[in-house]
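Trainee: This is the structure alone, sequence omitted:
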């Protein structure tokens, strides 16, 4: 597990599996998490860090979307309240590319929200907002004090993932993220990135829909100068299957 420190009371734990992450906000002897890793081993390492090393009690876990590759830690913090969008069950039931281990990560949330929720946590204000696009249950989280925006899987690297959505929904979701005007962004995989990935993802969405054909190279859909990653190639291939079906 790799740790990326944003502030003394805020860090991102990035797991080995899919680089799925969990962001930890510390308040006194308690912690709040956004998302919860993809694999049991990563989740257990996160639990040891938060509970055994830092001696913090996890009070809340915010799920940006109810896909199992971000839920591995939910069972490890049984006293935490899990916050999710009210369409969480629809999202979980729609998932097609999960393993049996990942399916076992499911924990029903204790708090569900509709359009918005604002949560004060120590010095942080977490503004949760419904941002349907990647899934119908996706939540964005805007943290004003750090000028930091959490997008869930609305953005994957520099692209979008269409298998559970439609281009107009994702375009609207990208617009909502961009209107927040935050300079930094955290998706559900990896660490903090420049918010220009929103513009890159919009460019990709337009190009892949315009040019969609079997075997279309990912590079043909990215802005000039933006390199393609192996992780993005996986989801680009699935996007072409969806668009060319």
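Mentor: Nice, thanks for sending it over. Quick caveat: nothing in here was measured; it's all calculated off a predicted structure.
Trainee: Going along the chain, name the helices of this structure.
Mentor: 40-47, 88-94, 100-103, 167-179, 197-211, 230-244 (DSSP state H).
Trainee: quick one: the strands in this protein?
Mentor: 2-7, 10-14, 21-27, 30-34, 57-62, 81-85, 111-113, 116-121, 124-130, 139-143, 148-152, 184-187, 192-194 (DSSP state E).
Trainee: pull the helix or strand with minimum mean pLDDT from this protein.
Mentor: helix 100-103 (a mean of 84; mean pLDDT, DSSP states H and E).
Trainee: number of nearby residues for residue 108?
Mentor: Neighbours of residue 108 under the rule other C-beta atoms under 10 Å: 12. Just so you know, the C-beta spots here come from the backbone N, C-alpha and C atoms, and that holds for glycine as well.
Trainee: And for residue 20?
Mentor: Applying other C-beta under 10 Å, I find that residue 20 has 26 neighbouring residues.
Trainee: any idea how far residue 187 is from it?
Mentor: 10 Å (C-beta to C-beta, to the nearest Å).
Trainee: Same question for residue 26.
Mentor: 22 Å.
Trainee: More neighbours: the two, which one.
Mentor: residue 187 (25 against 19).
Trainee: hang on, isn't the more buried one packed against residue 158?
Mentor: No: using C-beta atoms under 8 Å, residue 187 is not in contact with residue 158; the gap is 10.2 Å.
Trainee: Can you check which residues contact both of those two?
Mentor: Residues touching both residue 187 and residue 158 by C-beta atoms under 8 Å, 6 or more residues apart in numbering: residue 197.
Trainee: Deepest-packed of the strands of the chain, please.
Mentor: Among the strands of the chain, the stretch with the highest mean neighbour count (mean count of other C-beta atoms under 10 Å) is strand 148-152, at a mean of 26.
Trainee: In contact with residue 1, which residues?
Mentor: By C-beta under 8 Å, 6+ apart, the neighbours of residue 1 are 13-16, 42, 45-46, 49.
Trainee: which of those are buried?
Mentor: 13-15, 42, 45-46, 49 (16 or more other C-beta atoms under 10 Å).
Trainee: how about low-confidence regions in the protein?
Mentor: Applying pLDDT under 70 to the chain picks out no residues at all.
Trainee: mind redoing it with 90?
Mentor: Across the chain, the ranges flagged by pLDDT under 90 are 96-104, 163, 165, 245.
Trainee: related to what we said a few turns ago, for residue 112, find the nearest of the helices of the chain.
Mentor: Residue 112 lies closest to helix 88-94 among the helices of the chain, at 6.7 Å (C-beta to C-beta).
Trainee: Show residues contacting the closest one.
Mentor: Contacts with helix 88-94, where a contact means C-beta under 8 Å, 6+ apart, come from 63, 65-68, 85, 106, 109, 112, 135-137, 164.
Trainee: Which positions within it qualify as buried?
Mentor: 88, 91-92.
Trainee: Looking at those, which one is closest to residue 72?
Mentor: Using C-beta to C-beta, the buried residues of helix 88-94 come closest to residue 72 at residue 92, 13.7 Å.
Trainee: circling back: would you indicate which residues of the least confident helix or strand of the chain are buried?
Mentor: residue 102.
Trainee: Quick one: distance of it to the chain centre.
Mentor: Relative to its chain's centre, helix 100-103 lies at 18 Å (C-alpha atoms, centre = their mean, to the nearest Å).
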